[in-house]
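Asker: Sharing a model prediction with you, sequence too.
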Amino acid sequence: MKLPVFWGCRILTSQYAYEMSIRQVLPRLGVELVDLREMHCCGDYIKSINRFAATYMAARILALANETGIKNLLVPCSRCHFALSETQHILEENRNLKDKVVALLKKEKLNYSSDIKIWHIIDFIHDVIGVECIRQKVKRSLKGLKFASHVGCQTIRPSSIKRVDNPETPRKLDELIKALGAESLEYPEKLDCCGAALMLSHQEAALTLAGSKLKALQELGVDGLIDSCPACHTIFDTKQESAATTIGGKLAMPVLYYTQLLGIAMQINVEKLGLHLNQSPVEKILEISSS
């Protein structure tokens with residue numbers, strides 16, 4: 001099947017491993033990715049400055065997706081996924097705003113459609129590809145490995161807008177981890193925020209949130225943390241050393257995108273999955289999974 005994809009800014013400018021792993025695993029699951037033309041920011045970053053401009057930018061992306069003639073759009077970035085989902089919801093609730101946005105889009109010869117189904121990587125793999133299909137694609141079972149899932153705030157909240165999973169008891173990422181033969185452990189801090197949203201305004205608080213969660217998981221004895229959000233991954237993986245310094249401890253927690261973990265189970269070359277770009281000690285996972 002063909003699937004249009006909107007990558008957003010962060011994935012294409014810093015979280016290359018996420019894009020690399022998605023481009024590796026989805027074709028092996030029968031999905032042909034179609035990159036949108038003229039991609040730009042989802043608009044979320046300017047929401048506090050100009051709400052209308054932010055809404056227009058998100059609606060324009062949906063209009064570009066509509067141009068493909070395919071009614072599905074993959075948005076792997078959780079922040080972008082929320083921005084587009086929120087805009088779709090707002091435009092359906094506010095007819096006057098929708099008319100203004102649609103009129104501006106028509107000046108660009110673009111047509112907005114509310115029928116576009118916005119998918120995150122987790123619900124797309126879980127709901128469309130299916131857990132059983134994932135099980136069948138496993139070439140190297142990850143049996144014996146214990147992971148913790150981090151679903152992230154923006155994939156499950158707010159519940160007033162259709163989100164990726166249940167806001168109180170998210171299970172899709174856990175089920176996808178288990179499909180690879182590994183365990184996905186429950187833990188009290190599962191729904192806690194990673195802290196990334198505070199990095200620019202309250203850095204110490206942000207790193208404390210991330211460090212505290214990683215410390216709890218380290219004490220629980222998990223082999224790694226699995227996420228699917230570029231912002232969450234940045235603070236857990238890239239900023240892990242800073243988080244350790246902030247909480248006054250030592251952290252050595254492997255942090256992987258789910259698509260990287262899936263790629264390992266599918267025996268895809270680790271560099272093609274971008275695992276050499278992870279800054280947390282992911283070599284621990286590679287050693288255990290290959291033994």
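Answerer: Yep, that arrived. This one's a predicted model, so the numbers in the text were calculated from it and none came from an experiment.

Asker: What does the pLDDT read for Ser290?
Answerer: Among the per-residue scores, Ser290 holds a pLDDT of 74.

Asker: Could you measure from it over to Lys162?
Answerer: Per CB to CB, to the nearest Å, Ser290 is found 40 Å from Lys162. Where C-beta positions appear, they are placed from N, C-alpha and C, glycine not excepted.

Asker: What's the separation between Ile134 and Lys107?
Answerer: Distance of Ile134 to Lys107, given as CB to CB: 44 Å.

Asker: Is it correct that Gly152 falls within a strand?
Answerer: No: under DSSP: H, G, I helix; E, B strand; the rest coil, Gly152 sits outside any strand and is assigned coil.

Asker: ok, the residue of the chain positioned farthest from its centre to Arg60 distance?
Answerer: Relative to the C-alpha centroid of the chain, counting by CA atoms, centre = their mean, Lys107 is the outermost residue, at 32.7 Å. Distance of Lys107 to Arg60, computed by CB to CB: 11 Å.

Asker: what's the spacing between stretch 27-45 and its chain's center?
Answerer: When distances are taken as CA atoms, centre = their mean, to the nearest Å, stretch 27-45 is centred 13 Å away from the chain's centroid.

Asker: and the helix or strand where Leu176 lies, how far out from the chain's middle?
Answerer: Counting by DSSP states H and E, the element that carries Leu176 is helix 172-178. With CA atoms, centre = their mean as the basis, helix 172-178 stands 14 Å off its chain's centre.

Asker: for that helix, what is the average pLDDT?
Answerer: What helix 172-178 shows for mean pLDDT is 99.

Asker: Can you give me the buried ones in that helix?
Answerer: Lys172, Leu173, Asp174, Leu176, Ile177, Lys178 (16 or more other CB atoms under 10 Å).

Asker: Go through stretch 70-81 and flag the buried ones.
Answerer: Asn72, Leu73, Leu74, Val75, Pro76, Cys77, Ser78, Arg79, Cys80, His81.

Asker: quick one: which of those residues sit in strands?
Answerer: If you go by DSSP state E, these have Asn72, Leu73, Leu74 in strands.

Asker: Pretty sure Ala65 sits against Leu3.
Answerer: No: counting by CB atoms under 8 Å, no contact exists between Ala65 and Leu3, whose distance comes to 10.3 Å.

Asker: which of the two has more neighbours?
Answerer: It is Ala65, of Ala65 and Leu3, that has more neighbours when counted by other CB atoms under 10 Å, with 26 against 18.

Asker: what bridges to the closest residue to that one other than its chain neighbours?
Answerer: Spatially, and ignoring its direct neighbours in sequence, Ala65 is nearest to Leu73 (4.3 Å; CB to CB, 6 or more residues apart in numbering). Here Leu73 sits in beta bridges with Ile118, as judged by DSSP bridges.

Asker: cool, Leu225 as well?
Answerer: Listed beta-bridge partners, Leu225: Ala148, Val255 (assigned using DSSP bridges).

Asker: burial measure for it, as a count.
Answerer: Leu225: 24 neighbours (other CB under 10 Å).

Asker: wait, doesn't it sit right on Lys146?
Answerer: No: in terms of CB under 8 Å, Leu225 does not count as a neighbour of Lys146; the distance is 11.0 Å.

Asker: Tyr187 against Leu217, yeah?
Answerer: Yes: assessed by CB under 8 Å, Tyr187 is found in contact with Leu217 at 6.7 Å.

Asker: can you list the domains in this structure?
Answerer: The chain breaks down into these domains under automatic domain parsing: 2-119, 129-290.

Asker: so what's Tyr18 up against?
Answerer: The neighbours of Tyr18, taking CB atoms under 8 Å, 6 or more residues apart in numbering as the test, are Ile11, Pro76, Pro230, His233, Tyr257, Thr259, Gly274.

Asker: er, Ile247 I mean
Answerer: With CB under 8 Å, 6+ apart, Ile247 has these contacts: Leu207, Thr208, Gly211, Ser212, Lys215.

Asker: which residues in this structure form helices?
Answerer: Per DSSP state H, the chain carries helices over the ranges 8-13, 16-28, 51-67, 78-93, 95-107, 121-123, 131-137, 172-178, 203-220, 230-233, 240-247, 258-265, 283-290.
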